[in-house]
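> With the input below, show me the fold.
(one chain, ligands or ions: 2)
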Amino acid sequence: MPPLHFQTFNSDKVFIDNNMETTLVLLKPSCVQRQLIGEIVHRFERRGLRIAGMKMMQLDEAILREHYAHLVDRPFFPALAASMMASPIVAMAISGVEAVSVVRAMTGYTNGRVADPGTIRGDYSMSNQQNIVHASDSIENAAIELARFFRPEEIFEYESATLGFIYATNER
Ligand code: UDP
Ligand code: MG
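Ligands and ions are numbered 1, 2, ... in the order given. This next block holds a predicted model:
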């Protein structure tokens, strides 16, 4: 996992409206099969993130070769692909201020055995592969990955009713 970069807000600014981001999360077969869907979704909701899209999908080799293009030549790729096709997954589009880095931090290090307690992987996994969730690692990749898993009309732009109590006016 690369280092995380958070923006710092200029609290003198009256209103900033360009920090809303949407990121892709996949609840992997290790999450679905262990019946942790509700628990993981709950974590994102509790944090104050907005669920902008959500659907169950069965992945195939073609989408996994694209999604894990940086890993296709690694010896563990066949096992990784098999683990991601072992059951349906749940794809989520999650929105919030700086959502990409916030969700990535909630996810924790790749290997669940070294991921910090309090992170999803650190609380629910013991594996470098069966590690419960995927989360986009940059704003650029989030856009690419959202387009891979969602049609535009499957991502919803509604305003969260609690918005004014989740962010200060100069943060959103
Ligand atoms: N993975 C694996 N073995 C490894 C490294 C990664 O099976 O040695 C799997 C693991 O499920 C991981 C995914 O490949 O989540 C993508 O790897 P990446 O390095 O992008 O980690 P992530 O971004 O998921 O933390
Ligand atoms: Mg990755």
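> alpha carbons only for contacts and neighbour counts from here, please
Fine.
> ranges for the helices of this protein?
Secondary structure of the chain by DSSP state H: the helices cover 29-33, 37-47, 61-67, 77-85, 99-107, 120-124, 139-149, 163-166.
> Let me know which of these is the nearest to ligand 1.
Of all the helices of the chain, helix 77-85 sits nearest to ligand 1, with 5.0 Å by Cα to the nearest ligand atom.
> pLDDT of the closest one, averaged?
For helix 77-85, the mean pLDDT works out to 98.
> CA atoms only: put that helix into CSV for me.
Coordinates of the C-alpha atoms in helix 77-85 are reproduced here as CSV (Å, rounded to 0.1, in the frame of the first residue of the first chain):
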residue,chain,number,x,y,z
PHE,A,77,-2.2,-14.6,-10.1
PRO,A,78,-4.1,-17.9,-10.9
ALA,A,79,-4.9,-18.4,-7.2
LEU,A,80,-5.9,-14.7,-6.9
ALA,A,81,-8.2,-14.9,-9.9
ALA,A,82,-9.7,-18.2,-8.5
SER,A,83,-10.3,-16.6,-5.1
MET,A,84,-12.0,-13.6,-6.7
MET,A,85,-14.3,-15.9,-8.8
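> Against which helices or strands is it packed?
Counting contacts by 3 or more Cα pairs under 8 Å, 6 or more residues apart in numbering; DSSP states H and E, helix 77-85 packs against helix 29-33, helix 61-67.
> sorry, back to before: for Gly53, find the nearest of the helices of the chain.
For the helices of the chain, distance to Gly53 was read as Cα to Cα. The smallest value, 9.8 Å, belongs to helix 139-149.
> Briefly note if the closest one comes near ligand 1.
No - applying Cα under 6 Å from any ligand atom, one finds helix 139-149 separated from ligand 1 by no less than 10.9 Å.
> Return the set of buried residues in stretch 139-148.
For stretch 139-148, the buried set under the neighbour-count rule, 16 or more other Cα atoms under 10 Å, comprises Ile139, Ala142, Glu145, Leu146.
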